[in-house]
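S.K.: model this:
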Amino acid sequence: MRKEEIKNRESGLPDKSGGSGDGKSGDKSKEIFGNTISDGDYKKAVRSKERFVRKFGDDSHADYPAVVRKNPYLGDVLGIRDIRVGKEAAEKIPEEERESFDLDKGIIVGNIRMGFGHYRISIAMASCAHALGYRPYWLDLNSFPETVCTKVISAQNDLYSKGSRISQKSRAFNHFVWEPMNYEGFRKLSYNSSDQKNAELMAPVFHGIPKEIPLIGTHVWPAQAAVHAGMKYVVNAIPDNWPMALHLAEGSVHTVQTHQAYQGYRILNGMRGGEVLSPMPRESLVYTGHYIDHELVSNIEADCGRRIRRHKEKKPLRFLLTIGGAGAQKEIFAAIIQYLIPFVRKKEAVLYVNVGDYRNVWDELTKEIPELSDVSEEHFNDWENTASFAEDALSEEVTGIHAFWHENIFQAVYCTNLLMRSADVLVTKPSELSFYPVPKLFIHRIGGHEKWGAIHSAEIGDGTLECDDIPHVLQMISLFLNDPEFLSDMCENIMTNKTIGIYNGAYEAVKIAVRLRQSETK
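M.R.: All right, here's what the predicted structure looks like:
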């Protein structure tokens with residue numbers, strides 16, 4: 001659906017009259033957008049839920065309280081409030097710190113800690129909600145240990161993280177197991193059937209949350225669980241550019257960041273082999289553009305202008321290396337750092353290295369590269385220092401290597417966002433960062449689905465091709481260092497992309513969530 005159509009519709013809600021648009025009732029594991037799931041796959045989905053019930057129990061009848069407090073890390077910056085669910089969580093919050101739900105201006109950002117990507121997208125949603133005058137509520141379904149919901153998510157998250165790390169160490173595992181699972185396994189409707197059945201166990205978390213507050217899920221499980229729990233206005237912000245049934249949450253409005261993803265999701269392309277499937281209803285799918293923070297979008301021209309000027313004046317080129325939430329790919333980072341240290345010493349390059357909340361990664365890098373400690377400055381677990389450095393770097397000269405580590409997950413993730421504005425080149429795997437408005441150098445992916453992020457970025461001109469190995473990564477670094485047009489072209493493309501709304505996806509997702517409620521209350 002076009003954004004203009006959403007704006008003009010009297011109702012943005014999925015059709016409740018029945019048929020494939022009816023996602024609010026019925027067993028969502030038996031039929032997905034009008035496509036019947038086979039008896040065998042449905043029974044498999046039921047068995048999946050039963051296994052979790054045997055392992056963790058069933059708290060469907062639990063009466064979990066929901067308590068609101070100001071987020072101690074990003075509450076002042078982005079207006080974020082935390083929703084804490086369960087008696088254990090509620091007891092830790094003093095009465096004087098508790099706040100009421102804002103039923104008029106509140107928007108819930110439903111997420112899970114699974115790597116850094118879903119947190120980063122959530123921060124973008126919260127940032128744009130705040131900029132548009134709304135109150136963002138942070139709901140991490142993986143942060144309530146007494147609930148079956150968190151136990152189920154944690155078990156799957158641990159398994160995924162383990163697989164991600166193994167895939168970086170074993171080419172055979174990556175080739176025969178990990179890439180196929182992330183590329184084709186998650187693509188199947190049968191996978192969504194099982195996920196929907198498991199998500200029924202996550203619904204009790206919403207018991208004490210007002211159902212009329214709009215919710216944006218930045219992972220499919222919060223969106224699925226919200227629909228199962230009867231939340232009235234749910235947006236499912238799909239993160240990937242490779243259409244997979246994994247990301248379907250029937251009963252919500254799905255948003256996507258690219259036109260390629262829109263077409264693939266609209267016809268549920270390849271989600272049951274070569275079969276032509278019943279498509280998603282138009283009102284269930286919206287192209288929005290990339291999910292980017294207000295602070296980054298609003299400063300695109302200024303930040304790109306500074307990059308171009310620094311490069312013309314032959315200032316040191318600033319590379320930002322950010323490690324993923326799975327803590328993998330250290331070997332690639334080590335090779336990049338070793339290659340760039342001579343350029344750093346000659347003041348031709350600067351390195352920002354954000355290891356997130358993985359202090360051990362930095363320790364291992366300094367052991368592997370003894371000279372690293374001599375040329376680096378550590379900004380560790382001192383948020384004021386990090387924020388001050390990021391602000392000063394916008395207008396002042398920077399030299400050397402700067403390492404960042406923060407124990408808190410919010411600071412670990414948001415650190416990259418702050419450093420991004422003064423960086424010239426972001427070095428990253430093609431994850432959620434593929435969509436960010438900064439020149440990007442893509443190292444090898446973790447999971448086949450990620451490659452489509454790099455493809456999209458290269459096509460719109462704000463990032464490189466995916467570099468499959470270290471020699472090609474170093475070749476691309478050399479191009480950035482030696483070709484004066486390589487960086488400036490990306491900066492010009494980023495500024496052009498902004499003029500056509502490519503980076504407005506988070507604003508649009510927030511507006512859709514608000515219009516869902518407004519259209520039903522008219």
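
S.K.: ok, the nearest residue to residue 58 once chain neighbours are set aside to residue 511 distance?
M.R.: What sits nearest to residue 58 in space, not counting adjacent residues and going by C-beta to C-beta, 6 or more residues apart in numbering, is residue 148, at 6.5 Å. Every C-beta, even on glycine, is put in place using the N, C-alpha and C of the backbone. As judged by C-beta to C-beta, to the nearest Å, residue 148 and residue 511 stand 34 Å apart.

S.K.: which one's the longest helix in the chain?
M.R.: Determined from DSSP state H, the single longest helix within the chain is helix 148-169.

S.K.: how far out from the middle of the chain is that one?
M.R.: When C-alpha coordinates are averaged (C-alpha atoms, centre = their mean, to the nearest Å), helix 148-169 and its chain have centres 16 Å apart.

S.K.: which residues of the stretch 1-150 of the chain fall in helices?
M.R.: According to DSSP state H, counting those that start in this stretch, the stretch 1-150 of the chain carries its helices in the segments 3-8, 39-56, 75-78, 87-91, 117-131, 148-169.

S.K.: look up how far residue 281 lies from residue 95.
M.R.: For residue 95, the distance to residue 281 - C-beta to C-beta - is 46 Å.

S.K.: who's more crowded, those two?
M.R.: residue 281 (19 against 6; other C-beta atoms under 10 Å).

S.K.: need the pLDDT of the more buried one.
M.R.: Looking at residue 281, its pLDDT is 97.

S.K.: between the helices of the stretch 1-150 of the chain, which gets nearest to residue 260?
M.R.: helix 3-8 (16.9 Å; C-beta to C-beta).

S.K.: for the strand or helix carrying residue 222, name the packing helices and strands.
M.R.: Here residue 222 sits within helix 220-229, counting by DSSP states H and E. If contacts are counted by 3 or more C-beta pairs under 8 Å, 6 or more residues apart in numbering; DSSP states H and E, helix 220-229 sits against strand 106-111, helix 189-199, strand 215-217, strand 234-237.

S.K.: that older thread, helix or strand next in line after the longest helix of the chain, which one?
M.R.: Past helix 148-169, the next helix or strand by DSSP H and E is helix 171-173.

S.K.: distance from stretch 173-188 to the middle of the chain?
M.R.: On C-alpha atoms, centre = their mean, the centre of stretch 173-188 falls 20 Å from that of its chain.

S.K.: gap between the two ends of that stretch?
M.R.: 21 Å (C-alpha to C-alpha, to the nearest Å).

S.K.: ok, stretch 200-220 next?
M.R.: 13 Å.

S.K.: for the stretch 401-522 of the chain, which segments count as strands?
M.R.: Listed in chain order, the strands of the stretch 401-522 of the chain (DSSP state E, counting those that start in this stretch) span residues 401-405, 425-428, 440-442, 463-466.

S.K.: may I see those strands arranged in a markdown table, with mean pLDDT and mean neighbour count as well?
M.R.: A markdown table is the format used below for the strands of the stretch 401-522 of the chain (pLDDT from 0 to 100; neighbours: other C-beta atoms under 10 Å):
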| stretch | mean pLDDT | mean neighbour count |
| --- | --- | --- |
| strand 401-405 | 97 | 23 |
| strand 425-428 | 97 | 25 |
| strand 440-442 | 97 | 25 |
| strand 463-466 | 97 | 23 |
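
S.K.: kindly reformat those strands as a markdown table containing distance to residue 307.
M.R.: Converted to a markdown table, the strands of the stretch 401-522 of the chain look like this (distance: least, C-beta to C-beta, whole Å):
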| stretch | distance to residue 307 |
| --- | --- |
| strand 401-405 | 18 |
| strand 425-428 | 9 |
| strand 440-442 | 12 |
| strand 463-466 | 14 |
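
S.K.: which one of those strands lies nearest to residue 107?
M.R.: strand 425-428 (27.9 Å).

S.K.: give me the sheet partners of that closest one and which way each runs.
M.R.: strand 317-322 (parallel), strand 440-442 (parallel) (DSSP bridges).

S.K.: mind checking which of these is nearest residue 407?
M.R.: strand 317-322 (16.7 Å).
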